[in-house]
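1. need a structure here:
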Amino acid sequence: MSSAILNKYIRPEVLSQLSRFKLNPRQLVEGNLAGAHKSPFHGFAVEFASHREYVAGDDLRHLDWKVYFRHERHVIKQYEMETNLNCHLVLDISASMRYGDEDQQKLLYGSQIATTLAYLVIEQSDRVSLTTFDNKTRGYLTPSNNMGQIIRMTESLDQVKSTNKTNIAKTLGEVSAKIGRRSIVVVISDFFVDVDDLEDALQRLRYDNHEVVLMHVMHQDELNFDIEGMVRFIGLEDPDQLLTRPYDIREAYLEAVERFMVNFQKLCDANRCEYVLCDTSKDLGVTFAQYLQQRSLAGRL
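-> As a prediction, the model looks like this:
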C-alpha cells in the first residue's frame, strides 16, 4: 500500500492534536479482552473492587481469609475486569456525500473522520469495525484492535464508488442485528434521509443499550448557501434540475435547513444520541478536539 493513500485518510498533524484524548464509553462496557474500561460484571482477575458477605454456595476460593482472621467475618472478594470497548463506524458513501472539491469533499472528510476515530480506538487497545453503505450495505470490516485494521480501512475507502441514494435505516437495522454486546455506534453521514425512518433505527440501537453518536457532515455551500450568479442545480441522488439565482431562494433555503437541524437535534435528544456537526471547511483536528473536550467536560470521559 502506498504512503500517499494512507496519508490521504490519516493525517499526522490531526493525530498529534488528539494525542491527549481517548474515546471512552458513557456507560460501563463488558468483555474479556485486555482493554482500558471498567466492567460492571464481576470477574476473577485484574483488579480488586470490594467485599460482600458470604452466602451459601459461594466459591470458597474467593473468601478473604485475612478479614476472617482479623474480624471473624466471612466475606467474598469481588473484582472489576478491565475490558474492551467495541466501536462500530457506519459511513455513508452515497452519491450526495460526493459533494465538494478536493479536501472539502464530504465523502473524503467523512472517511478521515472514520479512520481517525479508528486510530484513537485501536491506540487504546479497543476494537473497531467499519460498515459502508448507500442504499444498502456495501462493505464490512469485522472488529479488530490491530493497527492493520487502519490499512484495511484506507484500502477499502480508496476503492469506494457509489452513485446511489441513501437508505440509512436499513443499514442501521442490519448493524443492530449484527452487533451483540453494548458498543459505541458512530454514524457518519450528511443525513439526507427521512427522519422518521432514522428514528426507528436509532430507537432499536438505544433499546439494545448501544451508545450512538451521529456525526453530521456538511459542506459550507449547504450551511450558508453563499453561491453567486445564475446556477443550474443538479440533484446528486435524483435527476431533478433547477436553474435559478441562488440569491432568490437563499432565505427560503436557509430557513428549511434550520428547521431540519432543529428537528434533527430534537430527534437526537429524544433518543439520547450525541450529535456532532462536522463542517468540511473546518480543520478536522479542531473539530475532533472540540467534541472530545465537550465529552470530557460533560463527564463522559
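
2. if we go by neighbour counts, what in stretch 152-161 is buried?
-> 152-154, 156-157, 160 (16 or more other C-beta atoms under 10 Å). Any C-beta I mention is one placed from the backbone N, CA and C, and that applies to glycine too.

3. which of those sits closest to residue 89?
-> residue 153 (8.4 Å; C-beta to C-beta).

4. so that closest one is in which element?
-> helix 148-157 (DSSP states H and E).

5. per-residue pLDDT, residue 159?
-> We note a pLDDT of 92 for residue 159 in this prediction.

6. over to it. Which of the three states is it?
-> coil (DSSP: H, G, I helix; E, B strand; the rest coil).

7. shaky segments in the protein?
-> 1-2, 25-52, 54-59, 77-84, 299-301 (pLDDT under 70).

8. how does it look with 80?
-> Within the chain, the segments meeting pLDDT under 80 span 1-3, 24-69, 72, 75-84, 162-163, 180-181, 236, 296-301.

9. domain ranges for it?
-> Using automatic domain parsing, the domains assigned to the chain come out as 3-24+85-297, 37-83.

10. now the terminal residues of the first one, how far apart.
-> The first and final residues of domain 3-24+85-297 sit 36 Å from each other (C-alpha to C-alpha, to the nearest Å).

11. contacts for the helix or strand following the helix holding residue 153?
-> As assigned by DSSP H and E, the chain's next helix or strand after helix 148-157 is helix 168-178. Defining contact as C-beta atoms under 8 Å, 6 or more residues apart in numbering, one finds that helix 168-178 is touched by 88, 90, 92, 131, 133, 135-137, 185, 187, 189, 191, 193-194, 197-198, 200-202, 204-205, 208, 210.

12. in a helix, residue 277, correct?
-> No - Residue 277 is assigned strand when assessed by three-state DSSP, not a helix.

13. tell me which residues touch it, please.
-> So residue 277 contacts 216, 218 (C-beta under 8 Å, 6+ apart).

14. beta-bridge partners for it, please?
-> residue 216 (DSSP bridges).

15. how about residue 127?
-> residue 86.

16. now the stretch of helix or strand residue 68 belongs to - C-alpha only, CSV.
-> Per DSSP H and E: residue 68 is located in helix 65-71. The C-alpha coordinates for helix 65-71 follow below in CSV (Å, rounded to 0.1, in the frame of the first residue of the first chain):
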residue,chain,number,x,y,z
TRP,A,65,-9.2,-15.2,54.9
LYS,A,66,-7.4,-12.1,56.2
VAL,A,67,-10.7,-10.4,57.0
TYR,A,68,-11.9,-13.6,58.6
PHE,A,69,-8.9,-14.0,60.9
ARG,A,70,-8.9,-10.3,61.9
HIS,A,71,-12.7,-9.8,62.3
